[in-house]
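A.B. asks: Any chance you can model this:
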Amino acid sequence: MYQDVIMAGFGGQGVLLAGKLLAYAGMHEGKHVTWFPSYGAEIRGGTANCTVIISSNEIGSPVVQTPSAILIFNDASYKKFERMVKPGGLLFLNTSLVKEKSLRTDITLIDIRANDIAEKLGDIRIANMVMLGAFLRQTGIVVIKSVLAALEKVIPAGRHSLIALNEQALKCGAEIST
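C.D. replies: Reported below is the predicted structural model:
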């Protein structure tokens, strides 16, 4: 088993958090993982992306040139990363913000109105969890329960009250991507 993914957006969208949670969930399940973040100097509002690899075998390098999946949170990331998805791969688009349509016919497109769903749930900041839920449903690389266990470790104790909302967002993302 091997899954590589790039998540890309702008700082403040929770792209790096989603990637870190995925990596922690993989570790929770006893898998080999890498999490390789990259962000602009300005952080909030600047570019942010990360690469996550989860595998049943040791991972030789955290660098991925042509990932099998990409989660794209905004237009600028779409322009930069859409062409990188390997043929047969998955492209998850936050169509609340990404208005362009991919013309590629060699990949599977999954449109998720993540920001709209997050707003309906009461907090725009959980759009990242909506996207992650859709990714988990399509790939099955880890279970949502493992991501929730990771949330308890990654989120500071004073913010554990947000775990239930994050769980709801993960489940919504998983439901709409079927």
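
A.B. asks: Quick one, grab the pLDDT at the spatially most central residue of the chain.
C.D. replies: Taking C-alpha atoms, centre = their mean, the centroid of the chain lies closest to L132, which sits 4.4 Å from it. Here the pLDDT value assigned to L132 is 97.

A.B. asks: now swap in G60 and tell me
C.D. replies: 87.

A.B. asks: Three-state assignment for it, please.
C.D. replies: coil (DSSP: H, G, I helix; E, B strand; the rest coil).

A.B. asks: How many neighbouring residues does it have?
C.D. replies: When neighbours are defined as other C-beta atoms under 10 Å, G60 has 9 of them. (Glycine included, C-beta is placed from N, CA and C.)

A.B. asks: so the residue nearest to the centre of the chain sits in a helix?
C.D. replies: Yes - under three-state DSSP, L132 falls within a helix.

A.B. asks: who are the neighbours in contact with it?
C.D. replies: For L132, the contacting residues are 18, 21-22, 71, 147, 170, 173, by C-beta atoms under 8 Å, 6 or more residues apart in numbering.

A.B. asks: One more pass at 6 Å, please.
C.D. replies: A18 (C-beta atoms under 6 Å, 6 or more residues apart in numbering).

A.B. asks: so E119 is in which element?
C.D. replies: Using DSSP states H and E, E119 maps to helix 114-121.

A.B. asks: Return the set of buried residues in that helix.
C.D. replies: 114-118, 121 (16 or more other C-beta atoms under 10 Å).
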